[in-house]
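Enquirer: Quick one: sequence plus predicted model below, questions after.
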Amino acid sequence: VTPLTVRLGPRSYAVLIGAGAAGDTGLECARLGLGRRVAVVTQRPVGAHAGRVVDGLRAAGFSPVVIEVPDGETAKSLDVARAVWDAFLHHGLDRGSVVVAVGGGVVGDLAGFAAATFMRGIALVQVPTTLLAQVDASIGGKVAVNHPSAKNLIGAFHQPRLVIVDPATLGTLPEREYRSGLAEVVKTGAALNADLFASLERNVSALDGRDPALLERVIATCCAEKATIVEQDEREESGLRMVLNYGHTVGHALEALGGYETWRHGEAVSIGIAAAARLSARLGLIDARTVERQVTLLEALGLPTRFGKPEPAAVMEVLRRDKKARDGRVPFVLLKALGRAEVCFDVPPELVREVLDEVHAGPMPAAGP
Ligand SMILES: NC(=O)c1ccc[n+]([C@@H]2O[C@H](COP(=O)([O-])OP(=O)(O)OC[C@H]3O[C@@H](n4cnc5c(N)ncnc54)[C@H](O)[C@@H]3O)[C@@H](O)[C@H]2O)c1
Ligand SMILES: [Zn+2]
């Protein structure tokens, strides 16, 4: 097990990374002295992994109940949160009780939101089971549900007491979800850690094969990078945390235009990385070779780097309306070099448009991958 600590003073917590670690959730909760009543929030496709967590909790003297929520992004709603609160009450959870989220980012965000708000906040343990959640969503304390008008609009910062990352759970993850998670891994390398990026380039076939030892190292590196950023900017106040959004400006726009159905988040981010890299080059920050390395790696990992639909003009329109936009300009995360990202608030819209035209695949028969 690779242990890691997210240092946030009294809100510090461990991130334990290792094959089989999910089964130790009970032991680790006991070590932290958490309350006996535990609600395990999960989704059907993750049932087997949740079962192992529940067994471990029982063996360690806890009394767990399982709350299964519907699958898919629509579970991140106030209606489902209400059902989860109802279940907490029904099962007698109190201020000393614990919520354990076993699943992808959807379960983590929803269960985390329910934990953050129930009785003004009860203990939360994250057991992420998608690659995306293991390298990104489970660390940092952002929890939320969606509002019909925008994703993640209703939420809170609620740091977990513990994060247990078990790469063995990825064995059952559908291919497309796995590759989507790899996009966030590439993002972490490109934006924060050039050594990680180079090791991804060297290990494409091992990544394809979900090599357990490699995955554990890669995940641990990503978690460490995210932890370092979160430690310095817990509530996204200094702007530092924004560098985690490399590839996300265009990515979010594409996701929204596709109604969150055309692309998985990581696929949209992959195209967004291709755009942000090109933008960085046009601004003279990186050379063409550095752009090419990113595009080549993403494509080698089976990720899209171009889009057919929508039209670039529609993407521009979404960017202009972005909440973070000033004078029609959205902040972009750009690269100064591989592994060194910075936020830039004054990218000329004409340049963004040129890059979108480049990344736009032209008259492709269908959108998406
Ligand atoms: N809080 C944050 O900081 C943060 C960061 C990034 C993303 N997010 C959120 O994360 C969500 C996306 O998360 P996601 O990509 O993990 O998707 P997801 O949670 O919807 O999981 C994808 C699918 O895989 C299934 N699944 C999960 N683990 C599995 C496993 N081991 N085996 C088989 N099936 C499994 C799920 O049931 C689901 O059907 C979005 O709502 C996004 O807003 C949050
Ligand atoms: Zn992301």
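Expert: In hand now; what should we look at? Ligands and ions are numbered 1, 2, ... in the order given.

Enquirer: distance of residue 306 from ligand 1?
Expert: Spatial separation of residue 306 from ligand 1 under the definition C-beta to the nearest ligand atom, to the nearest Å is 21 Å. C-beta here means a position set from N, CA and C on the backbone, and glycine is covered the same way.

Enquirer: Could you pull up the residues touching that residue?
Expert: Taking C-beta atoms under 8 Å, 6 or more residues apart in numbering as the contact definition, residue 306 lies against 271, 274, 359, 360, 361.

Enquirer: Now do the same for the closest residue to residue 147 other than its chain neighbours: helix, strand or coil?
Expert: Among residues not flanking residue 147 along the chain, residue 153 sits closest, at 3.8 Å (C-beta to C-beta, 6 or more residues apart in numbering). On the three-state scheme (DSSP: H, G, I helix; E, B strand; the rest coil), residue 153 is labelled strand.

Enquirer: How about residue 317?
Expert: Strictly by three-state DSSP, residue 317 counts as helix.

Enquirer: so where do the helices sit in the stretch 1-150 of the chain?
Expert: All helices of the stretch 1-150 of the chain, identified by DSSP state H, counting those that start in this stretch, fall at 25-31, 47-59, 78-90, 105-117, 131-132.

Enquirer: correction: the stretch 151-300 of the chain
Expert: Secondary structure of the stretch 151-300 of the chain (DSSP H, counting those that start in this stretch): helices at 175-192, 194-202, 204-208, 212-232, 248-257, 265-282, 288-300.

Enquirer: ok, and does the first one reach over to ligand 1?
Expert: Yes: part of helix 175-192 sits close enough to ligand 1 to count as contact by C-beta under 6 Å from any ligand atom, namely residue 177.

Enquirer: ok, the residue in the stretch 251-369 of the chain that ligand 1 sits nearest to - how many residues close by?
Expert: Here the stretch 251-369 of the chain gets closest to ligand 1 at one residue, residue 265, 5.5 Å apart by C-beta to the nearest ligand atom. Residues near residue 265, counting by other C-beta atoms under 10 Å, number 23.

Enquirer: hang on, isn't it packed against residue 133?
Expert: No: distance between residue 265 and residue 133: 10.9 Å, which falls outside the contact criterion (C-beta atoms under 8 Å).

Enquirer: Ligand 1 is nearest to which of the helices of the stretch 1-150 of the chain?
Expert: If you check each of the helices of the stretch 1-150 of the chain against ligand 1 by C-beta to the nearest ligand atom, helix 105-117 wins as the nearest, at 2.0 Å.

Enquirer: Where does pLDDT dip in this protein?
Expert: 362-369 (pLDDT under 70).

Enquirer: ok, which residues in it are in contact with ligand 1?
Expert: By the criterion of C-beta under 6 Å from any ligand atom, the positions of the chain lying close to ligand 1 are 43, 45-46, 49, 71, 73, 76, 103-107, 109, 129-130, 132-133, 136-137, 140, 142, 151-152, 169-170, 172-173, 177, 265.

Enquirer: any idea how far the residue nearest to residue 147 is from residue 17?
Expert: Summarising the geometry, the distance separating residue 153 from residue 17, computed by C-beta to C-beta, to the nearest Å, is 31 Å.

Enquirer: the more surrounded of those two?
Expert: Between residue 153 and residue 17, counting by other C-beta under 10 Å, residue 17 is the more crowded of the two (24 against 12).

Enquirer: what sits opposite the more buried one in the beta ladder?
Expert: residue 2, residue 165 (DSSP bridges).

Enquirer: Residue 139 is in contact with that one, correct?
Expert: No: using C-beta under 8 Å, residue 17 is not in contact with residue 139; the gap is 10.8 Å.

Enquirer: what residues do these two have in common as contacts?
Expert: Taking C-beta under 8 Å, 6+ apart as the criterion, residue 17 and residue 139 both touch residue 223.

Enquirer: what distance separates stretch 232-246 from the centre of its chain?
Expert: Here stretch 232-246 is found 14 Å from its chain centre; the criterion is C-alpha atoms, centre = their mean, to the nearest Å.

Enquirer: Just the buried positions in that stretch, please.
Expert: 233, 234, 236, 241, 242, 243, 244, 245, 246 (16 or more other C-beta atoms under 10 Å).

Enquirer: End to end on it, go ahead and measure it.
Expert: Between the opening and closing residues of stretch 232-246 there is a gap of 18 Å (C-alpha to C-alpha, to the nearest Å).

Enquirer: Need the residues that contact it.
Expert: Outside stretch 232-246, the residues that reach it (C-beta under 8 Å, 6+ apart) are 8, 11, 136, 140-141, 157, 159, 187, 190-192, 226, 229-230, 273, 276, 331, 333, 335, 341-343.

Enquirer: still on that earlier bit, give me the ChimeraX select line for the residues of the chain next to ligand 1, limited to the buried ones.
Expert: In ChimeraX, the members of the residues of the chain next to ligand 1 classed as buried (16+ other C-beta under 10 Å) are selected with the following command:
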select :43,46,49,73,76,103,104,105,106,107,109,129,130,132,133,136,137,140,142,151,169,170,173,177,265
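
Enquirer: count of residues packed around the nearest residue to residue 70 once chain neighbours are set aside?
Expert: Closest residue to residue 70 apart from its sequence neighbours, by C-beta to C-beta, 6+ apart: residue 80 at 6.7 Å. Residues within reach of residue 80, counting by other C-beta under 10 Å, total 18.

Enquirer: do the same with residue 354
Expert: Residue crowding around residue 354 was assessed by other C-beta under 10 Å; the count is 15.
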